[in-house]
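K.L.:
predicted structure and sequence below. I'll ask about it afterward.
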Amino acid sequence: MRAGDVVVLLIGIAAIALALADVFQSVVVPRAPTLLYRISLVVWRGLWHFWPVLAYRFHPRDGNKREDSLATFAPFALIAMLVTWVAVLVLGYGAILWSVRRELSPVPHSYWDTAYFAGTSLLTIGFGDIVPRPGFARFISLCAAASGLGVLSITTAYLFALFGTFQRRESFIVTFSARAGSPPSAVGLFEIAAKTHTQQSLRMIMIEAQAWIASLMESHLAYPVLAFFRSSHDDQSWVGTLGALLDASLIANTTLDHGEHGEARICFAIGRHAVHDLSKYFRLIGSVDRTPGISREDFDRAYERLGAAGYVLHERERAWQDLSNMRADYAGSLDAMAAYFRIPPVAWLGERTLHGHGVVRQ
């Protein structure tokens, strides 16, 4: 084997290893991928770099069509990832077969002939116009066929798992929206509970929210493309629901004067953890001034609405100081995620408002 063929052989092995390692990390391993160089990462980040730009350019005034366009990104990204994995495997096996092309019959005249044979082997088509002779080439063609079957079957199972996780995520979002308004808000949650005389269920909501946030964090870190799947209903999103839950648990801990807020405290800790981990993974940071993300006027309006709903409240100034200090720990990162995924910011009073939070990309 000539020196040039050895180089081509090594390049092919590296391409195959890169593709299979990415499939293993992205599909099989149920945790945040740790590989520095990943094909799928380049695919979905590269696509998302221009997808929202095109959506806003083609539908600058029609919000519904723009939202429909953004909603097609995640399914398209999944198909693009699969196609890219298969393409890299075909090119990689084609490079290996080109290095041993004399073991093929007829002997290919160009690299693209061996890539074609690699593709028919990987996709188990087998036209028979090129066949391997006994030797290394025959082993490589079998490896290509096994890789193709493995990647396609694993990816199919991955898609079913992904859609199942998405449905479980959306089920809680729809249920919570019925309790907290649309768009959901912390103040809306407490007002609706007071109007429907279901204040006693707030503790159970916080327990359910803990499980939902934990599942959200683990699934969206393990399968990042899941974060781009948009909710099926207007004014609902996983970012908005996460923010409303954080705000609700924060209000329960700092503003409402009652003794049973342990579950809300646990919910707040899990939610803050999720915001920090997700914003770190997607390489987003909020504004550096650590402001609470709401104005004092908005807090006063919320305070008065909660009082009018019949809740016993802490002293206003003390509640504002505690709430603003704790909310500053996650508000910037939460708004950064909303901006990155092109989702409206978290509703504080059931209205879409954003107070002074810029977005900084790392």
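P.N.:
Looks like it arrived, so ask away.
K.L.:
all helices of this structure, in order?
P.N.:
With helices called from DSSP state H, the chain shows them at 3-23, 39-58, 63-71, 73-99, 111-122, 136-180, 186-195, 202-222, 238-254, 262-281, 296-308, 316-327, 331-340.
K.L.:
looking at these, which is buried most?
P.N.:
For the helices of the chain, average neighbour numbers computed from mean count of other C-beta atoms under 10 Å are highest in helix 238-254, which has a mean of 26. From N, CA and C alone the C-beta is placed, and that goes for glycine too.
K.L.:
pLDDT of stretch 117-125, averaged?
P.N.:
Stretch 117-125 shows a mean pLDDT of 90.
K.L.:
in CSV, list the C-alpha atoms belonging to that stretch.
P.N.:
Extracted C-alpha coordinates of stretch 117-125, given in CSV (Å, rounded to 0.1, in the frame of the first residue of the first chain):
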residue,chain,number,x,y,z
PHE,A,117,-20.1,1.2,-3.6
ALA,A,118,-19.8,2.2,0.1
GLY,A,119,-23.2,3.8,-0.1
THR,A,120,-24.9,0.8,-1.7
SER,A,121,-23.3,-1.4,1.0
LEU,A,122,-24.2,0.9,3.9
LEU,A,123,-27.8,1.2,2.7
THR,A,124,-27.8,-2.6,2.0
ILE,A,125,-28.9,-2.0,-1.6
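K.L.:
how distant is it from the center of its chain?
P.N.:
Offset of stretch 117-125 from its chain centre (C-alpha atoms, centre = their mean, to the nearest Å): 33 Å.
K.L.:
next one: stretch 192-212
P.N.:
How far stretch 192-212 lies from its chain's middle: 27 Å, per C-alpha atoms, centre = their mean.
K.L.:
and the end-to-end length of it?
P.N.:
Stretch 192-212 has an end-to-end distance of 21 Å (criterion: C-alpha to C-alpha, to the nearest Å).
K.L.:
can you tell me what sits against that stretch?
P.N.:
With C-beta atoms under 8 Å, 6 or more residues apart in numbering as the test, stretch 192-212 has contacts from 169, 172, 176, 179-181, 189-190, 245, 248-249, 252, 260, 263-264, 266-267, 270-271, 309-311.
K.L.:
so where is the stretch 201-350 of the chain shaky, pLDDT-wise?
P.N.:
Low-confidence segments of the stretch 201-350 of the chain (pLDDT under 70): 259-260, 286-289, 349-350.
K.L.:
most distant residue from the centre of the protein?
P.N.:
Most distant from the centre of the chain: Pro106, at 47.4 Å, with distances by C-alpha atoms, centre = their mean.
K.L.:
any idea how far Ile125 is from Val90?
P.N.:
12 Å (C-beta to C-beta, to the nearest Å).
K.L.:
identify the contacts common to these two.
P.N.:
With contacts taken as C-beta under 8 Å, 6+ apart, Val90 and Ile125 have Gly119 as neighbours in common.
K.L.:
related to what we said a few turns ago, contacting residues around the nearest residue to the residue farthest from the centre of the chain once chain neighbours are set aside?
P.N.:
Nearest residue to Pro106 in three dimensions, chain neighbours excluded: Ile130, at 7.0 Å (C-beta to C-beta, 6 or more residues apart in numbering). Residues in contact with Ile130 (C-beta under 8 Å, 6+ apart) are 104-106, 108, 113, 116-117, 120.
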